[in-house]
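Colleague: fold the following.
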Amino acid sequence: MKFLRLTVLALTFSGFSFAANKDLIALQRALEDRFDTLQKQQDDLKSKLDNLSGMITSMQSDTRRTADQVATMQESLRTTVANSLGPVNNLGTKVEATSEDVRSLRDALADLGARLERMDAKITDLKNQMQIMQNPPAAPGASGTTGPPGTASTPNGPPAGVSAQQLFTDARRDQQTGKTPLAAQEYQQYLTYFPDTEYAASAQFHLGEIAYNQGDYKSAVQSFDAVLERYPQNAMTKDAAYLKGMALAKNGQRTQAVQELRALIQKYPGSEQAHKAQIALADRTLFPSAATARRRPQ
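Modeller: Here you go, the predicted structure:
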């Protein structure tokens, strides 16, 4: 009986052992299949990595070739631009040289103008001296009157040694240093002896300026009128027109002043004198009626 039990147990254990070996074999085969699959996947991945490495190497080679081509193009472009800018640089140098020549020519013309002015004054002085030589003054005690009794005759020319340039220079110096009576006398002498020279308009203007500063607005208007009538194209014309309008306004002749200042603005728009005239027209102390008229439309 005991032997029978051992036999049964042996057979039972053998059955279990056989079943376990079968499971192990199946597991081993499954592992082998899995290993083969992983090996195949590894081989595929390696192949893909090899292809990718080849592509990267090819791209690097293409990049180097492209970089070389870009460098070549840059160098070619730099050379082309340098060759193109060569004439432009030469042109700039020529323009600078031309500008320098123009400046030199302008300076030469200015110097020539100054020389011509001095020559004009000397010619005027020479003409006056010739007139004196042709018409010498009467001897002392001789009758030299050409008008009514008690009036002196008008000289034919300036006294000996008096030149246009020196007389005008003396007048300007005396005016600037405050010797206005003497300056006015010298300006008047200049206009008497040299009425047709370049500085005649300036002398007439400064006579009006002196009268204006002294409050003699009537005489100032007369002097400025003389500038506008005798020397309409002179550089002093705009200043004379402005000061004439201001003298009229300060003399109480506001209607005429407004007309003069408006005419100045219309004739010389954008000029400094026109701007000053606009400011003067807006001054209520000079033109109170104009300020009232501006308030009425409100």
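Colleague: which stretches of the stretch 1-150 of the chain form helices?
Modeller: 2-134 (DSSP state H, counting those that start in this stretch).
Colleague: the bottom helix or strand of this structure by mean pLDDT?
Modeller: Least confident element among the helices and strands of the chain, by mean pLDDT, DSSP states H and E: helix 288-295 (a mean of 55).
Colleague: list the buried residues for the helix or strand harbouring residue 181?
Modeller: Element membership for residue 181 (DSSP states H and E) is helix 180-193. Burial within helix 180-193, assessed by neighbour count using 16 or more other Cβ atoms under 10 Å, is assigned to 180, 183-184, 186-187, 189-191, 193. C-betas here are computed from N, CA, C, even on glycine.
Colleague: what packs against that helix?
Modeller: helix 164-176, helix 200-213 (3 or more Cβ pairs under 8 Å, 6 or more residues apart in numbering; DSSP states H and E).
Colleague: so which of the ones you listed is the most surrounded?
Modeller: Compared across the helices and strands packed on helix 180-193, helix 200-213 shows the largest average neighbour count, a mean of 23 (mean count of other Cβ atoms under 10 Å).
Colleague: which elements pack onto the helix or strand just after it?
Modeller: Going down the chain from helix 200-213, the next helix or strand is helix 217-230, by DSSP H and E. With contacts defined as 3+ Cβ pairs under 8 Å, 6+ apart, the packing partners of helix 217-230 are helix 200-213, helix 237-250.
Colleague: got the angle for the first one vs helix 180-193?
Modeller: Here helix 200-213 points in a direction 150 degrees away from that of helix 180-193 (axes from the mean of the first three to the mean of the last three Cα atoms, to 10 degrees).
Colleague: packing partners for helix 200-213?
Modeller: Based on contacts counted as 3+ Cβ pairs under 8 Å, 6+ apart, the elements that helix 200-213 packs against are helix 164-176, helix 180-193, helix 217-230, helix 237-250.
Colleague: would you turn the helices and strands packed on helix 180-193 into TSV with distance to residue 52 and mean pLDDT?
Modeller: Output for these, formatted as TSV (distance: least, Cβ to Cβ, whole Å; pLDDT from 0 to 100):
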stretch	distance to residue 52	mean pLDDT
helix 164-176	95	93
helix 200-213	95	95
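Colleague: torsion angles phi and psi at residue 285?
Modeller: Residue 285 adopts backbone torsions of phi -70, psi -30, taken as degrees, to the nearest 10.
Colleague: just for the protein, where's the confidence low?
Modeller: For the chain, the stretches with pLDDT under 70 are 1-20, 88-89, 91-92, 95, 99, 104, 106-156, 290-298.
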